[in-house]
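Trainee: The following block contains a protein sequence and its predicted model.
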Amino acid sequence: MSLLELKKAGIRFGGLRAVADLDLVLPAGALYGLIGPNGAGKTTIFNLITGIYVPTEGDILFQGASIVGAGPTRIAAAGIGRTFQNIRLFAGLSVLDNVKVAFHRHLHATLFESVLRAPRYLADEARADAEARQLLDTFGLLHMAELGADSLPYGLRRRLEIARALATKPKLLLLDEPAAGMNPSEAEELMHLIRWVRETFGVTILLIEHHMAVVMGICERITVLDHGARIAEGTPAEIRKDPVVIEAYLGADVHAEHA
Amino acid sequence: MPPPTGPAARGPLLGYALFAAAIAAVWGIEAYAIPWTDPYLTGIVIRIGMSLLAVMGLALVLGFTGQFSLGHAGFMAVGAYGTAMVVLHTGIHPMIGVFFGGLAAAFAGLLVGLPTLRLTGDYLAVVTLGFNGIILVFIQNTPALGGAAGLTGLPVVTTFGWTFTWVLLGALFIRNLLNSSHGRVFAAVRDNEIALRSLGVDTTRAKVIAFVVGAFWAGVAGGLLSLYRASIFPSQFQFERSIDILAMVVLGGTGSLSGPLLAAAALTALPEVLRPIADYRMIIYSLLLIVTMIVRPQGLLGGKELIDLFRRRPAAAKASGGKAA
């Protein structure tokens, strides 16, 4: 069964059709890439899936049920985690607390139990702390747990954001340009990290990426977008040879200038 | 920062013991020091206590959760008149009346917050500003609440002991709340709401919790005020008072609990010190604000607590909230 399915999904902003008629099927366990030139609507698709935008047409199914209109909080709770193109960490919190926030939904203590430091609060807190530390450990960030998240170098912020998203125990993880701003060796390391995340956490991954080496290197299938519509779909080898894709990227035609 | 499990590992008993000792100290002072203290001075201290209660609520809402509320005096009014009604019309102990006043304010906070806090942006500031005005007009036009002439004949029970018992309760409540999973969520709301939603956390709920808790303690402050001078008037809860409380939080520092409390104490005492030059009071007050905003825009203790200043630790790690107050 497919984990995520977009059926003719699309959104209009006034007269602009940012995404149109998009069909996308993501089987469980997939590592799937979404590529396209700037402004092709890739992040818009992430925002549609995660409920930040509500599609004006079509349907989005997660585990067979429609998630259209459920809102970001409930969609995240249903098992879709994400990272952001412009990293969105909680700058005022420590590295550890950034991850612990993600456990909030799973805690049982009431407000008054928290305030009175009741046994259930203490148990909650100890569990969240242990799990967060373990997660940071697997990501090699444990020695930085007490540092402020804003004091991390860029590459580690990306890493922390992925760790934080995984703390919600998602079934599907959306990565929005994880290699942005990275040099080739950092991108290489990231590829290993993404593969490792899929194996270790058993998540299905959908990623947006401009870094072709990364996309072609790790994705099993790729959808190529241009002007909000799908122009190609297939394995990296097929995509590389597709004349339509080459045109969209390199602008074989002069008319593309006006787009 | 100590790992946030610190208190958990140590158990809450030490905290409870310290709290009990602090309560005992307050009542010790009440019994042995207050009778020999100049009533004028005691009065100032009591009013500082009421400011502390009002400010700690707004520090939670504005300083930690990042929600701009401009009507804190409105919640004090609800607490004051709620307490007055309960005390005048039932025979219960006035301090239980103060608790009900707090509950009334919390309920008002729920009514105001529920529709408004779903939105991001400046809506809350506008709505709370309106709420402050509406509540005063309502009181002024309700004969049962004494109208513009105020409500008189209330018992005078707001002593040093009771005021600071409430202050300690409030400080413990808010400090523990901030230093819990809720506190982390409040700070995350302030830093990045979209990211927080992507983690499956209901941000509206978190904001409403902070807002209702803040309103409760403002209500308690109002309740104590109503039982302080035997009478209350709507004019005590005007917009200017909301701004006073706001200034205390901003001066003391956002993301800090002890900072705003310090500022509340200073700014409540300041008008008394400046009484000889009363005509220039507002000028000095304004200048103080302007200078602070230029020299130290994060406020006195922005993001820190008083106790952090005495710890030999790099300030790199910012905690989830008020580690200590």
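Mentor: Alright, I've got the coordinates.

Trainee: Look up the pLDDT of the closest residue to B:Tyr81 other than its chain neighbours for me, please.
Mentor: Sequence neighbours aside, B:Leu145 is the residue nearest to B:Tyr81 in space, at 5.5 Å (criterion: CB to CB, 6 or more residues apart in numbering or on different chains). For the C-beta atoms, the positions are set from N, CA and C on the backbone; glycine is no exception. Note on B:Leu145: pLDDT of 92.

Trainee: what about B:Gly43, helix or strand, and which?
Mentor: B:Gly43 is located in helix B:39-58, with elements delineated by DSSP states H and E.

Trainee: For that helix, buried residues please.
Mentor: The neighbour-count check on helix B:39-58 (16 or more other CB atoms under 10 Å in any protein chain shown) flags B:42, B:44-58 as buried.

Trainee: CA atoms of the helix or strand following it as CSV?
Mentor: Once the chain leaves helix B:39-58, the next helix or strand it forms, by DSSP H and E, is helix B:72-89. Extracted in CSV, the C-alpha atoms of helix B:72-89 (Å, rounded to 0.1, in the frame of the first residue of the first chain):
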residue,chain,number,x,y,z
HIS,B,72,-3.4,43.0,31.8
ALA,B,73,-5.1,45.6,34.0
GLY,B,74,-8.4,44.4,32.6
PHE,B,75,-7.7,41.0,34.1
MET,B,76,-6.8,42.7,37.4
ALA,B,77,-10.2,44.4,37.3
VAL,B,78,-12.0,41.1,36.8
GLY,B,79,-10.1,39.6,39.7
ALA,B,80,-10.7,42.6,41.9
TYR,B,81,-14.4,42.8,41.2
GLY,B,82,-14.8,39.1,41.2
THR,B,83,-13.1,38.9,44.6
ALA,B,84,-15.2,41.8,45.9
MET,B,85,-18.5,40.2,44.8
VAL,B,86,-17.6,36.9,46.4
VAL,B,87,-16.5,38.5,49.6
LEU,B,88,-19.5,40.8,49.9
HIS,B,89,-22.1,38.2,49.0
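
Trainee: for chain A, what spans make up the helices?
Mentor: A:42-49, A:72-78, A:95-101, A:111-115, A:119-138, A:154-167, A:184-201, A:212-218, A:236-241, A:243-250 (DSSP state H).

Trainee: Pick the most deeply packed of these.
Mentor: Each of the helices of chain A was scored by mean neighbour count; the highest is helix A:95-101, a mean of 29, by mean count of other CB atoms under 10 Å in any protein chain shown.

Trainee: Does B:Leu224 touch B:Thr158 like I think?
Mentor: Yes. Counting by CB atoms under 8 Å, B:Thr158 is a contact partner of B:Leu224 at 4.7 Å.

Trainee: and those two? which has more neighbours close in?
Mentor: B:Leu224 (31 against 24; other CB atoms under 10 Å in any protein chain shown).

Trainee: ok, that one - contacts?
Mentor: B:49-50, B:53, B:98, B:158, B:162-163, B:166 (CB atoms under 8 Å, 6 or more residues apart in numbering or on different chains).

Trainee: Would you agree B:Thr292 is in contact with B:Leu301?
Mentor: No. B:Thr292 lies out of contact with B:Leu301 (CB under 8 Å); the separation is 11.6 Å.

Trainee: Looking at those two, which one has more neighbours?
Mentor: With other CB under 10 Å as the criterion, B:Thr292 and B:Leu301 differ in neighbour count, and B:Leu301 comes out ahead with 24 against 19.

Trainee: before we move on, what SS does the more buried one have?
Mentor: coil (DSSP: H, G, I helix; E, B strand; the rest coil).

Trainee: Tell me how far it lies from chain A.
Mentor: To chain A, B:Leu301 is 14 Å away according to CB to the nearest CB, to the nearest Å.

Trainee: Same check on B:Leu53?
Mentor: Distance of B:Leu53 to chain A, computed by CB to the nearest CB: 16 Å.

Trainee: Near B:Phe186, how many residues? Count them for me, please.
Mentor: When neighbours are defined as other CB under 10 Å, B:Phe186 has 28 of them.

Trainee: For it, which non-adjacent residue is spatially closest?
Mentor: B:Thr65 (4.3 Å).

Trainee: before we move on, back to that, from the contacts of B:Leu224, which is closest to chain A?
Mentor: Of all the contacts of B:Leu224, chain A sits closest to B:Trp166, with 15.1 Å by CB to the nearest CB.

Trainee: May I have the residues that are in contact with the closest one?
Mentor: Neighbouring residues of B:Trp166 by CB under 8 Å, 6+ apart: B:49, B:53, B:98, B:220, B:224.

Trainee: Which phi and psi values does the last one adopt?
Mentor: What it means is B:Leu224. phi -60, psi -40 (degrees, to the nearest 10).

Trainee: Chain A versus that one, what's the distance?
Mentor: 21 Å.

Trainee: got the contact list for the residue located most distally from the centre of chain A?
Mentor: Residue farthest from the centre of chain A, counting by CA atoms, centre = their mean, is A:Leu116 at 37.4 Å. By CB under 8 Å, 6+ apart, the contact set of A:Leu116 is B:12, B:176.

Trainee: Model confidence at it, what's the number?
Mentor: 90.

Trainee: do the same with A:Phe139
Mentor: Looking at A:Phe139, its pLDDT reads 91.

Trainee: thinking again about what came up before, to B:Ala210, which of the helices of chain A lies closest?
Mentor: Minimum separation from B:Ala210 across the helices of chain A (CB to CB) falls at helix A:111-115, 10.6 Å.

Trainee: Now do the closest residue to chain B within the stretch 101-250 of chain A: how many residues are near it, please.
Mentor: Closest residue of the stretch 101-250 of chain A to chain B, CB to the nearest CB: A:Arg117 (3.5 Å). Look at A:Arg117: counted by other CB under 10 Å, it has 22 neighbours.

Trainee: Find the nearest non-adjacent residue to it, please.
Mentor: B:Pro12 is the one closest to A:Arg117 (CB to CB, 6+ apart), at 3.5 Å.
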